[in-house]
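Visitor: my questions are about this predicted structure, shown below with the sequence.
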Amino acid sequence: MTSHQQAPVPQSPSSAPASRQPPARRERRYEPGEERGDGRFPRGLALRLFVYVVAGHLLAGFLFLLFELGGGK
């Protein structure tokens, strides 16, 4: 063991009663950029991609409208 590691402190059953301990959770935390199961994109990436596609189409539609109105005879 190196100097920056500490050995775990053993706890006796009397020092931490089981009735006061919250139940252990087994849920998995996803790291940023990590795939969620089944090969799906990370949730943040999918949401950002959707927002960018919608915003890009709105901008393109607005520019198309400006060219149509400005190019009228």
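Guide: Cool, got the structure.

Visitor: could you measure from residue 61 over to residue 38?
Guide: As defined by C-beta to C-beta, to the nearest Å, residue 61 lies at a distance of 34 Å from residue 38. (C-beta placed from N, C-alpha, C; glycine too.)

Visitor: ok, the two, which is more surrounded?
Guide: Higher neighbour count among residue 61 and residue 38: residue 61, with 10 against 5, using other C-beta atoms under 10 Å.

Visitor: how close does that one get to residue 26?
Guide: Applying C-beta to C-beta to residue 61 and residue 26 gives a distance of 47 Å.

Visitor: which parts of the chain are helices?
Guide: Assigned by DSSP state H, the chain shows helices spanning 43-70.

Visitor: which stretches of the protein aren't confidently modelled?
Guide: By pLDDT under 70, the low-scoring segments of the chain are 1-19, 22-23, 28-37, 73.

Visitor: one more pass at 50, please.
Guide: The model of the chain has no residue with pLDDT under 50.

Visitor: look up how far residue 69 lies from residue 61.
Guide: 13 Å.

Visitor: what's around the closest residue to residue 46 other than its chain neighbours, how many residues?
Guide: In space, and not counting its chain neighbours, residue 46 is closest to residue 40: 7.7 Å by C-beta to C-beta, 6 or more residues apart in numbering. When neighbours are defined as other C-beta under 10 Å, residue 40 has 10 of them.

Visitor: okay, residue 40 and residue 55: tell me how far apart.
Guide: According to C-beta to C-beta, residue 40 stands 23 Å off from residue 55.
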